[in-house]
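S.K.: Next input, structure requested:
(one chain, ligands or ions: 3)
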Amino acid sequence: MNLEQQQQDDQQDTNPWGTKSWTYISSLKQQSPLIQCITNLVSMDLIANTLLSAGASPAMIHSILEIPDFTPHTQSLLINVGTLTPEWLPAMKAAAGVANRLCKPWVLDPAAVGASRFRLKACIELVELKPTVIRGNASEIIALSLGSLGSMKGADSLHESSDAVEAAKSLAKSSGAIVAVSGSVDFVTDGQRVVGAHNGLPMMQKITASGCAVTALIAAFVAIDPAHAFEATACALSVFGLAGEIGMCLANGPASLRMHLIDSLYGLDQETVVQRVKITSFS
Ligand SMILES: Nc1ncnc2c1ncn2[C@@H]1O[C@H](COP(=O)(O)OP(=O)(O)O)[C@@H](O)[C@H]1O
Ligand SMILES: Cc1ncsc1CCOP(=O)(O)O
Ligand SMILES: [Mg+2]
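M.R.: Ligands and ions are numbered 1, 2, ... in the order given. I've put the predicted structure just below:
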């Protein structure tokens, strides 16, 4: 990506975030980065299809025996603890370690982190391995930021995303990661700056693993531009929401929305993205 050119264009641009988002999408389709996904059993299909329709190349490879050979070839790594067992955790840590050693970005989805002490401890240990980005729903970000189980409802959120902005800032400061909280507005923070991505619709909550899928899309956008993880994260959230909005025009409910969201992600065009991506500053 030519960042100087991008900055010049931004000055004349009425929606610089829309333009930026389109640059990520077109780069993704050109470069097709390899994204390793160590993710929960519920999400594998939706994540693989989301990444493929966006232009990336997903690989659900999670055996600890394969990480030394495979992880060095990837452009980005996703770790999602949604169906965590003690056998999987060492593989996650090993993969994060390889990513760090080779300066590759990696993204953590602390799915249902507040469900048990085992899961919370595992997530805290993973955060210590310096993820580039952490994306969760509001209840997950609050639990992880406080390091306590608190109130939770499995993988679903009991809180509004706006309730978790301070927790997200605090987690970003303590971890050094970009932290994103999804919900009616998706907030993204580096601990100082806060932006909100406004695309999306409530029915996306009714598609299981839609949060997991947007975290995977973040991993793909960050693979394209690892030096600007804050921008890449906000754009990925907005683009995924926009695909949902467009998909909803043809959908009758969550099952058909899932299908049309994937089709819309595949078919996004420049004009629509530049006009409809909506990201605003909150800081
Ligand atoms: N009320 C809402 N309005 C618009 N989009 C939403 C809403 N709730 C969730 N989303 C979108 O649904 C996707 C999944 O988010 P969320 O449901 O918060 O994650 P999780 O599945 O991890 O709980 C995100 O793209 C988010 O922007
Ligand atoms: C239902 C469920 N249970 C364990 S992981 C999982 C999927 C959660 O996906 P998301 O966080 O994207 O809703
Ligand atoms: Mg989730």
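S.K.: low pLDDT regions in the stretch 1-150 of the chain?
M.R.: Applying pLDDT under 70 to the stretch 1-150 of the chain flags the ranges 1-11.
S.K.: Need the three-state assignment for the residue of it found nearest ligand 3.
M.R.: Nearest residue of the stretch 1-150 of the chain to ligand 3 (Cβ to the ion) works out as Ala111 at 4.3 Å. C-beta coordinates here come from the backbone N, C-alpha and C atoms, glycine included. What DSSP: H, G, I helix; E, B strand; the rest coil gives for Ala111 is coil.
S.K.: Which residue is the nearest non-sequential neighbour of it?
M.R.: Computed as Cβ to Cβ, 6 or more residues apart in numbering, the closest residue to Ala111 that is not its neighbour in sequence is Gly82, at 3.6 Å.
S.K.: Contact partners for that neighbour?
M.R.: Listed by Cβ atoms under 8 Å, 6 or more residues apart in numbering, the contact partners of Gly82 are 39-43, 109, 111-112, 155, 209, 212.
S.K.: What's the local residue count around the nearest residue to Thr132 once chain neighbours are set aside?
M.R.: Distance criterion Cβ to Cβ, 6+ apart; nearest residue to Thr132, sequence neighbours excluded, is Pro105 at 4.0 Å. Residues lying near Pro105 (other Cβ atoms under 10 Å) number 26.
S.K.: residue ranges for the helices of the protein, please.
M.R.: Using DSSP state H, the helices of the chain run over residues 3-12, 16-31, 44-54, 67-70, 89-101, 117-128, 138-146, 165-175, 210-224, 229-248, 254-267, 270-276.
S.K.: re the thing from before, now that the residue of the stretch 1-150 of the chain closest to ligand 3 has come up, it's in contact with Val81, right?
M.R.: Yes - contact criterion Cβ atoms under 8 Å: Ala111 and Val81 qualify, at 5.6 Å.
S.K.: residues shared between the contacts of these two?
M.R.: Asn40.
S.K.: before we move on, back to that, next, the residue nearest to Ala111: phi, psi?
M.R.: Phi and psi for Gly82, reported as degrees, to the nearest 10, are phi -60, psi -40.
S.K.: do you know how far it is from Gln75?
M.R.: Counting by Cβ to Cβ, to the nearest Å, the gap between Gly82 and Gln75 amounts to 23 Å.
S.K.: what does Asp269 give?
M.R.: With the distance defined as Cβ to Cβ, Asp269 ends up 25 Å from Gln75.
S.K.: Between the two, which has more neighbouring residues?
M.R.: When neighbours are counted by other Cβ under 10 Å, Asp269 and Gln75 differ, and Gln75 comes out ahead with 20 against 9.
S.K.: who touches the more buried one in this structure?
M.R.: Counted by Cβ under 8 Å, 6+ apart, Gln75 has contacts 31, 33-35, 104, 223.
S.K.: burial measure for the residue in the chain that ligand 3 sits nearest to, as a count.
M.R.: Closest approach between the chain and ligand 3, counting by Cβ to the ion: Gly211, at 3.3 Å. Neighbour count for Gly211, taken as other Cβ under 10 Å: 26.
S.K.: what sits against it?
M.R.: By Cβ under 8 Å, 6+ apart, Gly211 lies in contact with 109, 111, 135-137, 155, 182.
S.K.: what's the closest of the residues you listed to Gly147?
M.R.: Gly136 (13.8 Å; Cβ to Cβ).
S.K.: The closest one: what's it in contact with?
M.R.: Shown in contact with Gly136 (Cβ under 8 Å, 6+ apart): 109-111, 113, 144, 180-182, 211.
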